[in-house]
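Colleague: Quick one, fold the following:
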Amino acid sequence: MRKTAVAERTERRISAAASIAMCAAVILVQIALTLLLSRFLHDYVGFIYGALQAVGFAVAIWIYTRRDSCPSYKLSWMCLLLAVPVAGMLLFLLWGGTHQAKTLSLKKVPELSDREGARRKSAANISRLRKLDPAWGRLSTYLQKRNFLLYENTDARYFGDGAAFFDDLLDHMARAETYIFLEYYILAEGKIWDRMLSVLRERAERGVEIRIIFDDFGNITRLSDEMLQEIQQAGIEIEIFNPVHRYVNRLYFNYRDHRKIAVIDGYFAYTGGINIGDEYANLVNRFGHWKDSAIRLEGEGAWGLAMQFIRMWKMIGRTLPNEDDYYRPRHEIRARGYCQPFTDGPLNNPDNPIEETYLQLISSAKRMLYLTTPYYAVEDSLQKALCIAADSGVDVRLMIPAVPDHKFTYLVAETYWGQLLEHGVRIYKYTPGFLHAKSVMVDREVALVGSTNMDYRTFQLHYECAVLMYYAPVVEELLEDMDHIMGESRPYTLQEWKKRPWYRRIFASVLKLFAIWL
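Modeller: Got it, this is the predicted structure:
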């Protein structure tokens with residue numbers, strides 16, 4: 001019989017406390033040994049430390065030669081190992097030894113096999129898209145080779161406001177007949193969750209299959225044991241992603257499920273930057289006005305997100321009472337344009353579809369390229385691509401928050417902005433508060449909306465999701481919202497960047513070396 005979520009959480013806390021205590025004991029033992037070495041072997045300390053430095057140097061060289069690691073990862077560890085070899089090696093063994101999240105207790109589950117007819121239809125859609133623009137044909141082909149099909153007949157609605165998004169989501173959930181799938185990084189108690197739980201409880205009583213995945217680290221202080229028990233008592237299946245206690249001793253809690261997916265009966269699917277929490281609807285004030293975005297898919301493309309939820313459910317170790325085909329949409333609609341949902345995660349590394357998609361969107365822009373992101377800490381390849389696009393005459397605009405939620409992360413982002421401004425990228429700071437939306441718009445032809453930030457965590461550590469819309473009316477909806485964001489923002493200038501205090505510049509530059517941990 002499966003344990004309750006409350007019992008599992010209690011075990012996690014006990015195990016986490018034990019793991020932390022064990023780590024503390026190991027550190028104390030190491031300190032004691034160091035003192036003993038210093039006291040009794042002082043004549044050999046120089047020799048021993050020199051040997052450890054040599055080992056640290058060798059490990060740094062090994063990291064440099066690894067082909068499965070990004071430059072930021074290599075630079076951070078090499079600096080740490082060369083500066084403090086003993087502590088660096090200990091941390092590397094704990095944190096960075098594998099780099100990939102292959103040791104997480106996720107089952108190896110093959111990609112859901114789509115019908116051969118669906119794959120042929122996707123290939124035909126790509127062929128038609130290639131005739132409209134070869135660049136978008138190449139991008140869609142790249143993603144299809146990673147089993148993300150290109151769909152047509154998908155109507156999309158864009159939400160630039162959390163309150164409107166929740167109203168729409170809850171309205172469709174209240175009419176669910178077969179199933180509701182929810183996968184969120186944060187599922188926080190509050191007014192929004194109270195409304196949602198009321199709907200979920202009523203649907204469960206009517207026999208609707210309801211399954212929820214939420215991230216453990218994102219909800220340590222946001223969801224109580226009592227609420228977990230209440231959810232289960234309502235007949236709702238719930239699964240916690242990557243319980244922190246299992247990896248405290250290896251610090252693998254860095255690998256999180258950052259995706260935001262809601263699927264209703266296979267007909268409707270939602271994704272974007274919005275988690276389940278009151279701040280996303282501005283019912284509570286955190287960092288000023290919380291500006292976010294989401295998108296709803298209706299039609300063929302909704303299946304692309306449903307498949308990703310099903311695969312994650314199976315990877316966690318759970319099963320479904322029905323065959324995969326049971327969860328497919330059963331109705332058809334007609335709509336303009338094409339839709340391509342896709343996901344990414346550390347198990348793919350060093351192949352990163354999200355980062356590569358950003359690079360292709362940037363390099364393919366001919367006239368205009370608008371981006372929104374709350375965090376910015378990218379590899380040189382992406383930074384250079386933006387500079388090249390601006391130098392080539394593309395109108396590149398980057399929208400960022402004026403009120404940060406993580407100050408150190410914001411300081412790191414500042415180190416990139418000077419180069420962008422020098423090359424003509426226009427940067428806008430959203431003055432009403434915190435801009436959490438993650439989106440890209442290219443040439444009024446293609447739009448990306450998802451859970452994806454422009455930083456190391458998104459590209460290397462987190463499980464993420466997004467959807468690309470090609471030549472669909474929703475592209476104009478996104479452009480209209482971006483114009484509204486810029487209307488409420490103030491331009492950030494190169495002169496302003498250069499006037500930063502000297503101590504801020506130095507501190508930010510040091511932080512940038514260790515951006516992978518921020």
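
Colleague: all helices for the stretch 351-500 of the chain, in order.
Modeller: 353-364, 380-391, 407-422, 456, 474-487, 494-498 (DSSP state H, counting those that start in this stretch).

Colleague: Give me the contacts around the second one.
Modeller: In this case it means helix 380-391. Here helix 380-391 makes contact (C-beta atoms under 8 Å, 6 or more residues apart in numbering) with 71, 355, 358-359, 362-363, 365, 369, 396, 398, 416, 419-420, 423-425, 454. Every residue, glycine included, has its C-beta placed from N, CA and C.

Colleague: Tell me which of the helices of the stretch 351-500 of the chain is the most buried.
Modeller: Comparing the helices of the stretch 351-500 of the chain by mean neighbour count (mean count of other C-beta atoms under 10 Å), helix 456 ranks first with a mean of 23.

Colleague: That one packs against which elements?
Modeller: The contact analysis (3 or more C-beta pairs under 8 Å, 6 or more residues apart in numbering; DSSP states H and E) places helix 456 against no helix or strand.

Colleague: How far off centre is it?
Modeller: 10 Å (C-alpha atoms, centre = their mean, to the nearest Å).

Colleague: Also stretch 123-134?
Modeller: In terms of C-alpha atoms, centre = their mean, the gap separating the centre of stretch 123-134 from the centre of its chain is 29 Å.

Colleague: go on, stretch 408-424?
Modeller: For stretch 408-424 - counting by C-alpha atoms, centre = their mean - the centre lies 21 Å from the chain centre.

Colleague: And for stretch 217-236?
Modeller: Relative to the mean C-alpha coordinate of its chain, stretch 217-236 is positioned 22 Å out (C-alpha atoms, centre = their mean).

Colleague: residue contacts, residue 435?
Modeller: 291, 372-374, 399-402, 485.

Colleague: Leaving out sequence neighbours, find the closest residue to residue 376.
Modeller: residue 413 (4.1 Å; C-beta to C-beta, 6 or more residues apart in numbering).

Colleague: actually residue 165, not the one I typed
Modeller: Per C-beta to C-beta, 6+ apart, closest to residue 165 is residue 159, 4.0 Å.

Colleague: What residues are bridge-paired with the one you found?
Modeller: residue 294 (DSSP bridges).

Colleague: Give me the pLDDT value at it.
Modeller: Looking at residue 159, its pLDDT stands at 98.

Colleague: quick one, what contacts it?
Modeller: 165, 168, 272, 274, 293-296.

Colleague: where's it relative to residue 345, distance?
Modeller: The gap separating residue 159 from residue 345 is 25 Å, by C-beta to C-beta, to the nearest Å.

Colleague: again, but for residue 351
Modeller: Counting by C-beta to C-beta - residue 351 and residue 345 are separated by 11 Å.

Colleague: And the two? Which one has more around it.
Modeller: residue 345 (26 against 11; other C-beta atoms under 10 Å).

Colleague: Go ahead and confirm the more buried one touches residue 463.
Modeller: Yes - judged on C-beta atoms under 8 Å, residue 345 makes contact with residue 463 at a distance of 4.0 Å.

Colleague: I'd like the average pLDDT over stretch 132-147.
Modeller: 96.

Colleague: what comes into contact with that stretch?
Modeller: 111, 114, 122-123, 125-127, 129-131, 150, 338, 340, 342, 351, 353, 356-357, 360-361, 364, 445-446, 468, 470-471.

Colleague: Write the PyMOL selection for whichever of those are buried.
Modeller: In PyMOL syntax, the buried subset of the contacts of stretch 132-147 is picked out as below (16 or more other C-beta atoms under 10 Å):
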select buried, resi 114+122+125+126+129+150+338+340+342+353+356+357+360+361+364+445+446+468+470+471
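
Colleague: From the contacts of stretch 132-147, which land in strands?
Modeller: 338, 340, 342, 446, 468, 470 (DSSP state E).

Colleague: Tell me the one among these nearest to residue 493.
Modeller: Nearest to residue 493 among those: residue 446, at 29.0 Å, using C-beta to C-beta.

Colleague: how far away is that closest one from residue 403?
Modeller: Separation of residue 446 from residue 403 (C-beta to C-beta): 30 Å.

Colleague: Equivalent analysis for residue 415, please.
Modeller: Residue 415 is 19 Å from residue 403, by C-beta to C-beta.

Colleague: Likewise for residue 166?
Modeller: 22 Å.

Colleague: more neighbours, those two?
Modeller: residue 166 (22 against 17).

Colleague: OK, contacts around that one?
Modeller: 192, 195-196, 274, 280-281.

Colleague: swap the cut-off to 7 Å and go again
Modeller: 192, 281 (C-beta atoms under 7 Å, 6 or more residues apart in numbering).

Colleague: and it, what pLDDT?
Modeller: The model's pLDDT for residue 166 equals 98.

Colleague: And for residue 347?
Modeller: 82.

Colleague: Neighbours of it, how many?
Modeller: Neighbour count for residue 347, taken as other C-beta under 10 Å: 15.

Colleague: Can you verify it is assigned to a strand?
Modeller: No - with DSSP: H, G, I helix; E, B strand; the rest coil as the criterion, residue 347 is located in helix rather than a strand.

Colleague: I'd like to know how far it sits from residue 311.
Modeller: In terms of C-beta to C-beta, residue 347 sits 11 Å off from residue 311.

Colleague: what do you get for residue 410?
Modeller: Counting by C-beta to C-beta, the gap from residue 410 to residue 311 is 34 Å.

Colleague: Tell me the secondary structure at residue 164.
Modeller: helix.

Colleague: again, but for residue 107
Modeller: Criterion first, three-state DSSP; result for residue 107: coil.

Colleague: That one: what's it in contact with?
Modeller: Here residue 107 is in contact with 314-315, 317 (criterion: C-beta under 7 Å, 6+ apart).
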